[in-house]
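>>> Sequence and predicted structure are below.
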Amino acid sequence: MTAPTHAQSGPTAAAGAPADVGGNDGLFTAAQGVLPGGVNSPVRAYGSVGGTPRFLVSARGPYVTDADGREYVDLVSSWGPAILGHAHPAVVDAVQQAAARGLSFGAPTPGETALAEEIRRRVLAAERVRLVSTGTEATMTAVRLARGITGRELIVKFAGCYHGHVDSLLAQAGSGVATLALPGSAGVTAAIAAETIVVPYNDLAAVEAAFAERGDRIAAVITEAAPANMGVVPPLPGFNAALSRIAREHGALLIQDEVLTGFRVGPGGWWGLEGRLEGWAPDLLTFGKVVGGGLPVAAIAGRAELMDHLAPSGPVYQAGTLSGNPVATAAGLATLQAADAGVYARLDAAATALSSQVSAAFTAAGVAHRVQHAGNLFSVMFGEAAAADGVRDYAGAQAQDTFRYAPFFHAMLDQGVSLPPSVFEAWFVSAAHDDAALDRIVAALPAATRAAAAARPAR
Ligand SMILES: Cc1ncc(COP(=O)(O)O)c(C=O)c1O
Ligand SMILES: NCC(=O)CCC(=O)O
């Protein structure tokens, strides 16, 4: 028998030795030759800030290291999951132990029940939990479930909210869709787009009007519990509670998407900060990011009588070869078990300290801005209007002085601070962001805010 003929050459031969293709620049060139746009998720591509994405080779605590050997204080935190900081020893240990027992069985495992119970312990409305692998799967399933339960087809979503790349939820979506200034996505059929009613965020009159017009056909309202994909735009007081009421009055469901906020803004996610105190709960919730601790876990949760419509209990089909994967659930469980009150206190303290320093630096540089918060999530909105009135919807987020962000971002990066590469994304601190890490960020602010002040809009 001849040896396999797929002996590798070129960049792929260098697995684990990325410097062989020349650090960040060489890696990006090689990646562009084989991955569309050089990335596996558009938000990583530096599309709106320009330049070469940093190819990361390792991460620990609040720091990441790129293929050129440079270390950065990280404010991306894997887009949310890394609340304990990178490579937390308890999580790495749990993953290693789980991996040693086997990577995937395609059969029920004890860890799935343990993770679901931990979710339910934190969020009372999560009476039943279905584990999936990505936030997109979670929202897609929640929408299908709402349609299956109600027998209706229409979905209400908010402009600027992002719920993953579900066909019906890409209209006027936030995150990368906002960064790339797209109205939605090619490839979504007109028939599917017509089943989504898009309304401005924080606008209850628009929601009431949509229900007045087509309430008997609306299956669900889906909303980010606190939007953080058009920059951070918190719900006005009572907004989420009113959505719950309006949906209920019309026989529709409220899906609260906590993929980003869940288990990050507090032990019970955004619901724990709001609904729990106000005495209401969404019908369905979606989780992702933190719930997998850096490995692919996401979840749909809700009242038992609703969730039991999922197969095999009920007629709404949903499945997944790797759903509830034992290694991934071990990472999620270890993360939630380590995320105690002290961790949330540190996250909140780091976010408060950092955001006030950021705001002070922009003020000192003469840049009109407002830092907007939703719990420990925050982002900077630029411009006189944002500074004066705050931003409460997608139109306001789009109207800000977005041109100030790229020079600010690059000046921070040059000084060893990695921010999300888009003005429309939230900044993510972790409990590992100690004084030393925060001091490094703060030291970079004067030069970076001056770069923002000097920026001029493109003609
Ligand atoms: C609120 C929200 N929902 C859903 C998603 C989709 O999650 P995933 O990227 O895991 O598919 C995201 C991801 O950014 C999100 O922020
Ligand atoms: N806030 C937006 C995301 O977290 C998106 C991550 C991705 O799509 O890679």
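Great, that's in hand. Ligands and ions are numbered 1, 2, ... in the order given.
>>> anything in the helix or strand of the chain with the lowest mean pLDDT near ligand 1?
Of all helical and strand segments in the chain, the minimum by mean pLDDT, DSSP states H and E falls on helix 176-179, at a mean of 89. No: using Cβ under 6 Å from any ligand atom, helix 176-179 stays clear of ligand 1, with a minimum separation of 8.8 Å. No exception for glycine: its C-beta is placed from N, CA and C like everyone else's.
>>> Beyond that helix, next helix or strand please.
Toward the C-terminus, helix 176-179 is succeeded by helix 190-193 as the next helix or strand (DSSP states H and E).
>>> Against which helices or strands is the next helix or strand after that next one packed?
Later in the chain than helix 190-193, the nearest helix or strand by DSSP H and E is strand 196-199. Applying 3 or more Cβ pairs under 8 Å, 6 or more residues apart in numbering; DSSP states H and E, one finds that strand 196-199 makes contact with strand 154-158, helix 204-214.
>>> how about those, which one is nearest residue 230?
Closest to residue 230 of these is strand 154-158 (Cβ to Cβ; 9.3 Å).
>>> Can you give the contact residues for the least confident helix or strand of the chain?
For helix 176-179, contacts defined as Cβ atoms under 8 Å, 6 or more residues apart in numbering pick out 41-43, 47-48, 160, 162, 170, 184-185, 229-230, 394, 397-398, 422, 424-425.
>>> near ligand 1, which of those residues show up?
Restricting these to those touching ligand 1 (Cβ under 6 Å from any ligand atom) yields 162, 229.
>>> Quick one, which of the contacts of helix 176-179 are buried?
Among the contacts of helix 176-179, those buried by neighbour count (16 or more other Cβ atoms under 10 Å) are 42-43, 47-48, 160, 162, 170, 184, 229-230, 394, 397-398, 422, 424-425.
>>> any idea how the protein splits into domains?
20-83+340-454, 89-338 (automatic domain parsing).
>>> Which strand or helix spans the residue most central in space within the chain?
The geometric centre of the chain, computed from its C-alpha atoms, lies nearest to residue 260 (Cα atoms, centre = their mean), at 4.0 Å. Using DSSP H and E, residue 260 sits in no helix or strand.
>>> quick one: it from residue 224, how far?
7 Å (Cβ to Cβ, to the nearest Å).
>>> One more: residue 131?
21 Å.
>>> that older thread, list the contacts of the residue nearest to the centre of the chain.
Per Cβ under 8 Å, 6+ apart, neighbours of residue 260: 80, 135, 224, 228-229, 288-289, 377, 426.
>>> filter the residues you listed down to the ones near ligand 2?
Restricting those to those touching ligand 2 (Cβ under 6 Å from any ligand atom) yields 80, 229.
>>> can I get the contacts of residue 260 in JSON lines with secondary structure and pLDDT?
JSON lines is the format used below for the contacts of residue 260 (DSSP: H, G, I helix; E, B strand; the rest coil; pLDDT from 0 to 100):
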{"residue": "80", "secondary structure": "coil", "pLDDT": "98"}
{"residue": "135", "secondary structure": "helix", "pLDDT": "98"}
{"residue": "224", "secondary structure": "strand", "pLDDT": "98"}
{"residue": "228", "secondary structure": "coil", "pLDDT": "98"}
{"residue": "229", "secondary structure": "coil", "pLDDT": "98"}
{"residue": "288", "secondary structure": "coil", "pLDDT": "98"}
{"residue": "289", "secondary structure": "helix", "pLDDT": "98"}
{"residue": "377", "secondary structure": "strand", "pLDDT": "98"}
{"residue": "426", "secondary structure": "coil", "pLDDT": "98"}
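>>> Report the two of the contacts of residue 260 separated the most.
Using Cβ to Cβ, the contacts of residue 260 span at most 15.4 Å, a distance reached by 135 and 377.
>>> between the two, who's got more neighbours?
The neighbour count for residue 135 versus residue 377, taken as other Cβ atoms under 10 Å, is higher for residue 135 (30 against 26).
>>> wait, the more buried one sits on residue 297?
No: look at residue 135 against residue 297 with Cβ atoms under 8 Å: they stay out of range, at 9.9 Å.
>>> shared neighbours of the two, anything?
When contacts are counted by Cβ under 8 Å, 6+ apart, residue 135 and residue 297 are jointly contacted by residue 288.
>>> Settle this for me: residue 55 is touching residue 26, isn't it.
No: Residue 55 is not in contact with residue 26 according to Cβ under 8 Å; the separation is 9.2 Å.
>>> how about the residues of the protein near ligand 2?
Within the chain, the positions near ligand 2 by Cβ under 6 Å from any ligand atom are 41, 43, 79-80, 162, 175-176, 229, 425.
>>> could you redo these as a markdown table and give each row distance to residue 444?
Below are the residues of the chain next to ligand 2 laid out as a markdown table (distance: Cβ to Cβ, whole Å):
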| residue | distance to residue 444 |
| --- | --- |
| 41 | 26 |
| 43 | 22 |
| 79 | 21 |
| 80 | 22 |
| 162 | 28 |
| 175 | 25 |
| 176 | 25 |
| 229 | 25 |
| 425 | 18 |
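>>> Just the closest of the residues you listed to residue 210, please.
Set against residue 210, the nearest of the residues of the chain next to ligand 2 by Cβ to Cβ is residue 162 (19.7 Å).
>>> In contact with the closest one, which residues are there?
Per Cβ under 8 Å, 6+ apart, neighbours of residue 162: 173-175, 177-178, 224, 229-230.
>>> can you give me the strands in this structure?
Applying DSSP state E to the chain gives strands spanning 56-60, 63-66, 71-74, 128-132, 154-158, 196-199, 218-224, 253-258, 284-287, 298-302, 369-374, 377-382, 417-418.
>>> Could I get the full set of helices for the stretch 251-400 of the chain?
Secondary structure of the stretch 251-400 of the chain, counting by DSSP state H, counting those that start in this stretch: helices at 269-273, 275-278, 304-307, 326-338, 341-364, 384-389, 394-399.
>>> I'm done for today, thanks for sticking with me.
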